[in-house]
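**Student:** I would like the atomic coordinates for the input below:
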Amino acid sequence: ESRETIATRRPTKSFFNRIRLLSMLAFLIVCITVQFLVLFYLQDQEWYVAVESSVEELTAGSMEATYIFLLLIFQLTYPAIVYTLDHEPIYRNTLMMCLMVVLYAINAYLVLFSAQIINKLFEFYMSPSFLFRLQILAIAAGNLVVNIFVQIIFIFVDRKESKR
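**Tutor:** Residues are numbered from 1 along each chain as shown. Below you'll find the predicted structure:
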């Protein structure tokens, strides 16, 4: 029958059930926690220089803003991966996979080798330490792995509850 070819499982009763909302909240908590960890890790570096500013001033041109922004670019793509785990795998969508590869390549370039013109245009203040930049990439990858692991737990719980 045609309905079996559309989806292997019946849809949940409600799109916004308790498990889905908790899953989204957990995703946000993990991402925000990683942002704070990057911020504190950056401020702990020996070469770090704090930007003098008041609450009213924008500190767009600072290392904090630069690395939070670069981390956010990665984090904004995570839902496309994380929330498709219990549906059609993302690797089957060739166009989406190509887009993700391009986005990750561009962002990795920005984190590791950002050109002067890009730094000036976006007011990036890059770390003098290449090792720190590599660590930012590792933290971003770790962030994705943690979010996938958390989502797998929620998928398991959701399936267990739906069997009841």
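**Student:** mind listing the helices for this protein?
**Tutor:** Taking DSSP state H as the test, the helices found in the chain are 2-6, 18-43, 63-82, 94-113, 116-122, 130-162.
**Student:** Residue 79 contacts residue 28, correct?
**Tutor:** No - applying CB atoms under 8 Å, one finds residue 79 not in contact with residue 28, separated by 10.3 Å. For glycine as for every other residue, the C-beta is placed from the backbone atoms N, C-alpha and C.
**Student:** measure residue 46 to residue 132 for me?
**Tutor:** 10 Å (CB to CB, to the nearest Å).
**Student:** With neighbour numbers in mind, choose between those two.
**Tutor:** residue 132 (18 against 5; other CB atoms under 10 Å).
**Student:** got the contact list for that one?
**Tutor:** 42, 45 (CB atoms under 8 Å, 6 or more residues apart in numbering).
**Student:** any low-confidence regions in this protein?
**Tutor:** Residues of the chain that meet the criterion pLDDT under 70 lie in 1-16, 53-60, 164.
**Student:** could you redo the last one with a cut-off of 80?
**Tutor:** Residue ranges of the chain with pLDDT under 80: 1-17, 51-61, 86-89, 161-164.
**Student:** what about the closest residue in space to residue 66 that isn't next to it in sequence, how many residues close to it?
**Tutor:** If the residues on either side of it in the chain are set aside, residue 66 comes closest to residue 124, at 4.6 Å by CB to CB, 6 or more residues apart in numbering. Neighbourhood size, residue 124 [other CB under 10 Å]: 22.
**Student:** got it, and residue 121?
**Tutor:** 9.
**Student:** Likewise for residue 156?
**Tutor:** 11.
**Student:** What of residue 111?
**Tutor:** The burial count for residue 111: 24, using other CB under 10 Å.
**Student:** which residues touch it?
**Tutor:** 70, 133, 136-137, 140.
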